[in-house]
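Asks: all I have is the shape, not the residue letters:
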């Protein structure tokens, strides 16, 4: 029986259309994307992508092969491809690889008989519709398993297994599949010196601190590491009626609180709370100033005091550093960091900055112009605004700061802290006569590229647009 072959093919919703002049376009969901010009031979062969072209078949040096290689890689960057593993072109798929990250390209690292593999503790198998899928929040792709023997063969990898032993198993899935899973971090290698336990052997020290459910929640509730529908798409609008805005009243005696407290002037904080609203349009002719930004950050996020305390864990524990800042934080961990994408600010150059809360200073970070513009464009789109915000604040978390202490609830606490900080930003903006808007989505892969920090070490958990509100600019019906 021949070994399985990995092929690239168009996603089910994608078709290729070739024009008489050689132009070729991809059509999907009513959209069309131009893919350039192909020779007649390459255009004809490109149609085979509907069924699948073996990746090895266009690695030769012929001109047509080079054209197909460029086309396939462009389709991959656009997320319009999937990859099938099968023994013969007309055979049923053994499995299908679905990219989840924009830059995914299947790779098959070399494996030898002496290599020892084991499943990642972040890997999981579940039903999705009628498909059985294997995935991980660390993976750039998920695997639709079409042959149940593969699932059974993978079960043995819950404990470390050398390749030479796997080869002797009935239903051995083949080296190419194992290599694909290794590349996607669904499997990892265990070395002879890895005697600290599998948790410590997988990845770096920062990964050790993550619980399974926390990393999955982070990767699947943000943008950048999955291909699921995202945002306000109303997936159940035609299935379930919307819940009422105010919960139905509980039965029993009602105690009227309006009559319990006589009318009196609002406290300053109550006035701020009632004035708080989201601003999505900003005054391009009158941008926020660097002096206002400095005052804003001083009042919301600056380190006010530092302290150290020994950890009492039944012996001599390490000395732990703590800070005090204007907003509360679970366990006084203060794991949140602010990164500013400055588009328009009088007295401050356009660019990407980190706010050093200890020194009350901004540190410029060199980033690619394309990535910087993409960050601002995504915020503009998320707000439904006509222009990018004057300043976009990304609230990032140093995850290990929280998970070093807390088990099972670390990520939940981080999100609570992000909510508290967001309200603090709103109140300060209202008090200063500025406009602000919370943004509920962030691209963790884009942030990782801009900062050079892996997504599991530090990453965005919220965003906040800041600037001087346009005249008459409010959030309209979507006030939050």
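Replies: In hand now; what should we look at? Note that the structure is a prediction, hence the values are computed from the model and not measured.

Asks: okay, now the residue nearest to residue 186 when sequence neighbours are not counted: neighbour count?
Replies: In space, and not counting its chain neighbours, residue 186 is closest to residue 123: 4.6 Å by C-beta to C-beta, 6 or more residues apart in numbering. Every C-beta, even on glycine, is put in place using the N, C-alpha and C of the backbone. Residue 123 has 24 neighbours, counted by other C-beta atoms under 10 Å.

Asks: distance check, residue 123 against residue 154.
Replies: 9 Å (C-beta to C-beta, to the nearest Å).

Asks: find residues that contact each of these two.
Replies: Counting by C-beta atoms under 8 Å, 6 or more residues apart in numbering, the residues touching both residue 123 and residue 154 are residue 134.

Asks: and the helices in the stretch 151-300 of the chain, which stretches?
Replies: Ranges of helices in the stretch 151-300 of the chain, per DSSP state H, counting those that start in this stretch, are 163-166, 175-183, 198-201, 205-208, 212-220, 268-275, 290-300.

Asks: outside of the first one itself, list whatever touches it.
Replies: Contact partners of helix 163-166, identified using C-beta under 8 Å, 6+ apart, comprise 111-117, 153, 156-157, 172, 175, 178.

Asks: by neighbours, which of those wins?
Replies: For the contacts of helix 163-166, neighbours tallied by other C-beta under 10 Å; top is residue 178, 24 neighbours.

Asks: that one touches residue 111, doesn't it?
Replies: Yes - shown here, residue 178 and residue 111 form a contact pair, counting by C-beta atoms under 8 Å, at 6.1 Å.

Asks: quick one: the strands in the stretch 351-480 of the chain?
Replies: Taking DSSP state E, counting those that start in this stretch as the test, the strands found in the stretch 351-480 of the chain are 351-356, 361-365, 391-398, 435-439, 458-467.

Asks: between those, which one is closest to residue 335.
Replies: strand 391-398 (4.9 Å; C-beta to C-beta).

Asks: angle of that closest one against strand 351-356?
Replies: Taking axes from the mean of the first three to the mean of the last three C-alpha atoms, to 10 degrees, strand 391-398 and strand 351-356 form an angle of 50 degrees between their directions.

Asks: now the angle from strand 391-398 to helix 290-300?
Replies: 30 degrees.

Asks: other SSEs contacting strand 391-398?
Replies: Where contact means 3 or more C-beta pairs under 8 Å, 6 or more residues apart in numbering; DSSP states H and E, strand 391-398 is packed against strand 336-342, helix 369-383, helix 410-431, strand 458-467.

Asks: from the contact counts, what lies against the second one?
Replies: Right, the one you point to is helix 369-383. Using 3+ C-beta pairs under 8 Å, 6+ apart, the elements in contact with helix 369-383 are strand 336-342, strand 351-356, strand 391-398, strand 435-439, helix 444-451, strand 458-467.

Asks: go through those and name the closest to residue 29.
Replies: helix 444-451 (22.5 Å).

Asks: will you turn the strands of the stretch 351-480 of the chain into CSV that also has distance to residue 273 and mean neighbour count?
Replies: Output for the strands of the stretch 351-480 of the chain, formatted as CSV (distance: least, C-beta to C-beta, whole Å; neighbours: other C-beta atoms under 10 Å):
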stretch, distance to residue 273, mean neighbour count
strand 351-356, 25, 18
strand 361-365, 29, 14
strand 391-398, 20, 25
strand 435-439, 14, 25
strand 458-467, 17, 26
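
Asks: can you put these in TSV and add distance to residue 101?
Replies: Putting these into TSV (distance: least, C-beta to C-beta, whole Å) gives the following:
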stretch	distance to residue 101
strand 351-356	22
strand 361-365	22
strand 391-398	19
strand 435-439	21
strand 458-467	14
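
Asks: residue 69 is nearest to which of these?
Replies: Using C-beta to C-beta, the strands of the stretch 351-480 of the chain put strand 458-467 closest to residue 69, at 33.1 Å.

Asks: wasn't residue 144 part of a helix?
Replies: No - applying DSSP: H, G, I helix; E, B strand; the rest coil, one finds residue 144 to be strand, outside a helix.

Asks: please name the nearest non-neighbouring residue to residue 422.
Replies: residue 438 (5.1 Å).

Asks: so that neighbour touches residue 429, yeah?
Replies: No - here residue 438 lies out of contact with residue 429, judged by C-beta under 8 Å, at a distance of 10.6 Å.

Asks: wait, what's in contact with residue 4?
Replies: Contacts of residue 4 by C-beta under 8 Å, 6+ apart are 85-87, 94, 174, 176-177.

Asks: which of those are buried?
Replies: 85-86, 94, 174, 176-177 (16 or more other C-beta atoms under 10 Å).

Asks: and of these, the nearest to residue 57?
Replies: Nearest to residue 57 among those, with distances taken as C-beta to C-beta, is residue 86, at 13.8 Å.

Asks: would you confirm that that closest one contacts residue 3?
Replies: No - if you go by C-beta under 8 Å, residue 86 and residue 3 don't touch, sitting 10.6 Å apart.

Asks: low-scoring stretches of the stretch 251-400 of the chain, by residue?
Replies: By pLDDT under 70, the weakly predicted segments of the stretch 251-400 of the chain are 315.
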